[in-house]
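Undergrad: pasted the sequence and its predicted model underneath.
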6 protein chains.
Amino acid sequence: MSEWSHFDSNGRPIMVDIGDKPPTPRSAIAEGWVDLPEAVYDAIKRGAVSKGDPAAVAEIGGIMGAKRTSELIPLCHGIRLDNVSVRCEIPDGERSLRIVCEASAREPTGVEMEALTGVSVAALVFYDMCKGIDKRMVIRDVRLLKKTGGKSDTWGG
Amino acid sequence: MSEWSHFDSNGRPIMVDIGDKPPTPRSAIAEGWVDLPEAVYDAIKRGAVSKGDPAAVAEIGGIMGAKRTSELIPLCHGIRLDNVSVRCEIPDGERSLRIVCEASAREPTGVEMEALTGVSVAALVFYDMCKGIDKRMVIRDVRLLKKTGGKSDTWGG
Amino acid sequence: MSEWSHFDSNGRPIMVDIGDKPPTPRSAIAEGWVDLPEAVYDAIKRGAVSKGDPAAVAEIGGIMGAKRTSELIPLCHGIRLDNVSVRCEIPDGERSLRIVCEASAREPTGVEMEALTGVSVAALVFYDMCKGIDKRMVIRDVRLLKKTGGKSDTWGG
Amino acid sequence: MSEWSHFDSNGRPIMVDIGDKPPTPRSAIAEGWVDLPEAVYDAIKRGAVSKGDPAAVAEIGGIMGAKRTSELIPLCHGIRLDNVSVRCEIPDGERSLRIVCEASAREPTGVEMEALTGVSVAALVFYDMCKGIDKRMVIRDVRLLKKTGGKSDTWGG
Amino acid sequence: MSEWSHFDSNGRPIMVDIGDKPPTPRSAIAEGWVDLPEAVYDAIKRGAVSKGDPAAVAEIGGIMGAKRTSELIPLCHGIRLDNVSVRCEIPDGERSLRIVCEASAREPTGVEMEALTGVSVAALVFYDMCKGIDKRMVIRDVRLLKKTGGKSDTWGG
Amino acid sequence: MSEWSHFDSNGRPIMVDIGDKPPTPRSAIAEGWVDLPEAVYDAIKRGAVSKGDPAAVAEIGGIMGAKRTSELIPLCHGIRLDNVSVRCEIPDGERSLRIVCEASAREPTGVEMEALTGVSVAALVFYDMCKGIDKRMVIRDVRLLKKTGGKSDTWGG
């Protein structure tokens, strides 16, 4: 059962012991999408010229969510993040919001979960901001794009 | 700008005032999927006969996440949930994990965000449990299936 | 020592037992000010025409802070808030930001602490947003303006 | 718009990336005052000879609040504090409580927000402890007195 | 497997659905003990005449802990507590601290876990306050003394 | 009063300033027991052959609880844990659950409180999982078994 980093040989849940690893620079980039029904899309496009911006609230919520990753994910280490950025935008020609979260730290463990959590919480916040217009939004394709640092060093990208 | 429940007429972020609404029974069901690379799928299928079960950890994490919805979503009300259930399983013939979260409460506001948060956090926990095997999992199609109660009463389903 | 609601006759800390009080409508309004050094004031005035708005971030932070009042204040009850609003603006002719927080609930206990916490956290968030420009901001005159409901019913206003 | 450390060039909220800064010793001292109506002042003076001490509860609450700074302030980094102290006392000849919070850490970012948060939360806790006597307390003049360490090194003091 | 309220028939973790239960008055009393090595006992007895009181800090910590029960216990409902009291004292003739926590609420579910959590967190806080003197303290006999309300109504006592 | 690490010379609560201590490897092991009434014992023994396992839920809860130690214990430092493990099992011949928590970190302060908190929260979670069967469980003998690192280096064991 050694393929499972989070179970011991008896199948009990475990954290990964990082006590023999030095802190090294780590980064991760994750993305996700929120498909927008027409009414939501139109409202956002109209709103873009005024001050109320659901994407800005989602970005703040995503950053705050990424900082709480170790509270949400039972076996995640609490670490000091050097940076988290969350960007939400509708790419030209799309009817979907693209969310990208980058996280970085100098720690003995990676920041993939922080990046993925930042994307997921931003998506939920965005959903909440717009659900009064149309609840048929769909959060999709939340995934890790790239990570650097650690044993496997660079992955993806 | 009245189409936005979470912005006032000047575009400033607001909660929805529920002070004139009585508590009524509310429920919501949300689902989401996690696509599993072959190595993860195989490991889970093998693991299903032993005690270590990433789906059980994800279910617990999802329930705990749903209870924290109002901390994660800036403009969400904190409410007393009557029940949250999270179920994670690989349907026959699928190479993906299906996550379903049902939430219910007797409150003046709906529980859609709780159901969606339960799904999203369960998906993240599941990702964390399996990421040592293959990081190419994709969380997809997180959406509301149905809600009951409140002004719009039944939606979806 | 009966004048102290939060100490018993031996001086030990206690919550106020609200078990014999029915839930009734409660509201509270609190305000506070942040004095702005010239550089901060000028930057905000210039920024008001672009999208980045420290006041909007402070408003969101204040709402989220008000929701966490019972975690911050040791002897406060956790309640369900019907609404929290936080407004930050520089009144005409002032060199200070005015923060107003209104909270309301239908509970057996008042929401004064929630309103005051919303103001205080919003002020701290605003400070954080602007401290790169000048750290000499001063948070002042945080106080309760008015409350309604409960034994003493209306106070202030 | 480079004067804003917490907005990018498009006005979107950002954390400050501290990834290229080494940890160095940081400290900050903040203060604040709570003006006491006569009934509160008298009750505290009388209480000072017994065990119930609202200032002691406020000190504990302030320390706990300072430890939660990164949860309350959206764009603040979570760090490991080496020390937080909060002292609440009525200086001779004053009718106001003075709160002083000192925070220190060896981190790549300053601890000003932790010191200010410690003061603000202690003030709120003190208010809560005494509000049964008279609600007309006013929290005023919360400000940074001094900081050391970091790019600007010593400030104030 | 119906004897398990927190597992379904397939052994998956579940909350108890309280959606068909009305709120009714609930209370619970729990106790626990901390055995004190001689050096700790003596220091407390000496300290009792001065202001620093580890029992008062433990009482505050226990109340705050009880309020967070639903965050700590995965399958516990978040509820509004009407009251929590924690009392820590060394009974005459004992060399142990006795901790008693009473919790009450008007909710569709009991408050046993809140009372037990209040005792356990108070015991941990007390341990922390005194561990610089002697670490050989033992927390023992944490148990429910009595509960009232709910289906089984009065239990114990 | 110098014997108290958490009070100053005036008896006010203080954290221990760790600013002049380098991070060094620290570990701690704590244990505790939960006495099981016959009905609980029998149900667990029967359940051991199916998937629902209260001990596994308790282990996850204990790990999550240990990560929150600095939120629960007012004067504890927040640190980065390298590892936390919690093991719950009924030793052969016993009618009690034994809980062991090991914590480790490279920090300027010890991890005794984290280990003790892990045990206590796991015990509470286990109690919650089984309380539908019989509430007469007793949590006992929660204590530190061993610590390494720091000024006093190895203790116990």
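TA: Right, received. Where do you want to start? Numbers count the residues shown, from 1 in each chain, chains lettered A, B, ... in the order given.
Undergrad: in chain A, where is pLDDT below threshold?
TA: A:1-2, A:48-52 (pLDDT under 70).
Undergrad: residue ranges for the helices of it, please.
TA: A:38-47, A:54-67, A:69-72, A:112-130 (DSSP state H).
Undergrad: B:Gly19: which of those helices is closest?
TA: With Cβ to Cβ as the criterion, B:Gly19 lies closest to helix A:112-130 of the helices of chain A, at 19.2 Å. Backbone N, C-alpha and C define where each C-beta goes, glycine included.
Undergrad: could you tell me the angle between the closest one and helix A:38-47?
TA: Helix A:112-130 and helix A:38-47 are oriented at 90 degrees to each other (axes from the mean of the first three to the mean of the last three Cα atoms, to 10 degrees).
Undergrad: got the CA coordinates for helix A:112-130 in PDB?
TA: Output of helix A:112-130 as PDB, limited to C-alpha atoms (Å, rounded to 0.1, in the frame of the first residue of the first chain):
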ATOM      1  CA  GLU A 112      -0.500  22.500  -4.800                       C
ATOM      2  CA  MET A 113      -3.400  22.200  -2.400                       C
ATOM      3  CA  GLU A 114      -3.200  25.900  -1.600                       C
ATOM      4  CA  ALA A 115      -3.400  26.800  -5.300                       C
ATOM      5  CA  LEU A 116      -6.300  24.400  -5.900                       C
ATOM      6  CA  THR A 117      -8.100  25.600  -2.800                       C
ATOM      7  CA  GLY A 118      -7.700  29.200  -3.900                       C
ATOM      8  CA  VAL A 119      -9.300  28.400  -7.300                       C
ATOM      9  CA  SER A 120     -12.200  26.400  -5.700                       C
ATOM     10  CA  VAL A 121     -13.000  29.000  -3.100                       C
ATOM     11  CA  ALA A 122     -12.900  31.800  -5.600                       C
ATOM     12  CA  ALA A 123     -15.200  29.800  -7.800                       C
ATOM     13  CA  LEU A 124     -17.700  29.300  -4.900                       C
ATOM     14  CA  VAL A 125     -17.500  33.000  -4.000                       C
ATOM     15  CA  PHE A 126     -18.100  34.000  -7.600                       C
ATOM     16  CA  TYR A 127     -21.100  31.600  -7.700                       C
ATOM     17  CA  ASP A 128     -22.500  33.100  -4.600                       C
ATOM     18  CA  MET A 129     -22.200  36.600  -6.000                       C
ATOM     19  CA  CYS A 130     -24.000  35.800  -9.100                       C
END
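Undergrad: distance check, A:Glu59 against B:Leu116.
TA: Going from A:Glu59 to B:Leu116 by Cβ to Cβ, to the nearest Å gives 18 Å.
Undergrad: show me which of these two is the more surrounded one.
TA: A direct count of neighbours by other Cβ atoms under 10 Å in any protein chain shown for A:Glu59 and B:Leu116 places B:Leu116 higher, at 31 against 26.
Undergrad: who's in contact with the more buried one?
TA: B:Leu116 is in contact with A:Leu124, A:Tyr127, A:Ile139, B:Ala28, B:Ala30, B:Cys101, B:Val142, B:Arg143, B:Leu144, counting by Cβ atoms under 8 Å, 6 or more residues apart in numbering or on different chains.
Undergrad: same deal with A:Arg95?
TA: Contacts of A:Arg95 by Cβ under 8 Å, 6+ apart are A:Asp35, A:Leu36, A:Glu38, A:Tyr41.
Undergrad: now do A:Val111
TA: A:Arg26, A:Ser27, A:Ala28, A:Ile79, A:Leu81, A:Ala103, A:Ser104, A:Ala105, A:Lys147.
Undergrad: can you report how many residues lie near the first one?
TA: Spelled out, that is A:Arg26. Quick note: A:Arg26 (other Cβ under 10 Å) scores 24 neighbours.
Undergrad: bridged to it, which residues?
TA: Beta-bridge partners recorded for A:Arg26 (DSSP bridges): A:Ala105.
Undergrad: and it, what is it in contact with?
TA: A:Ser104, A:Ala105, A:Arg106, A:Glu107, A:Thr109, A:Gly110, A:Val111, A:Lys147, A:Thr148, A:Gly149, A:Gly150.
Undergrad: out of those, which one sits closest to chain B?
TA: A:Lys147 (7.6 Å; Cβ to the nearest Cβ).
Undergrad: for that closest one, what are its contacts?
TA: By Cβ under 8 Å, 6+ apart, the neighbours of A:Lys147 are A:Arg26, A:Ser27, A:Ala28, A:Ile29, A:Gly110, A:Val111, A:Glu112, A:Thr154, A:Trp155, A:Gly156, B:Lys135.
Undergrad: for the third one, give its distance to B:Val121.
TA: Look at A:Ala28 and B:Val121: by Cβ to Cβ, they are 18 Å apart.
Undergrad: neighbour-wise, which of the two wins?
TA: Applying other Cβ under 10 Å to A:Ala28 and B:Val121 shows that B:Val121 carries more neighbours, namely 31 against 27.
Undergrad: ok, the more buried one touching B:Lys67?
TA: No. Contact criterion Cβ atoms under 8 Å: B:Val121 and B:Lys67 do not qualify, at 9.9 Å.
Undergrad: before we move on, back to that, among the contacts of A:Arg95, the buried ones, what's the ChimeraX command?
TA: Here is the ChimeraX command that picks out the buried ones among those, judged by 16 or more other Cβ atoms under 10 Å in any protein chain shown:
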select /A:35,36,41
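Undergrad: and the two most separated of the contacts of A:Arg95?
TA: Longest span within the contacts of A:Arg95, Cβ to Cβ: A:Asp35 and A:Glu38, 10.8 Å.
Undergrad: thinking again about what came up before, between the contacts of B:Leu116, which is nearest chain C?
TA: Nearest member of these to chain C, counting by Cβ to the nearest Cβ, is A:Leu124, at 14.4 Å.
Undergrad: how far away is the closest one from B:Pro54?
TA: Distance from A:Leu124 to B:Pro54, by Cβ to Cβ: 22 Å.
Undergrad: could you do A:Leu36 as well?
TA: Taking Cβ to Cβ, one finds A:Leu36 at 32 Å from B:Pro54.
Undergrad: got the residues of chain A near chain D?
TA: Counting by Cβ under 8 Å from any Cβ of the partner chain, the positions of chain A adjacent to chain D are A:25, A:56, A:59-60, A:63-64, A:67-68, A:78, A:80-85, A:87, A:104-106.
Undergrad: separate out the buried members of those residues.
TA: Of the residues of chain A next to chain D, these count as buried by 16+ other Cβ under 10 Å: A:56, A:59-60, A:63-64, A:67-68, A:78, A:80-85, A:87, A:104-106.
Undergrad: quick one: contacts for A:Gly110?
TA: A:Gly110 neighbours (Cβ under 8 Å, 6+ apart): A:Arg26, A:Ala28, A:Lys147, A:Gly149, A:Gly150.
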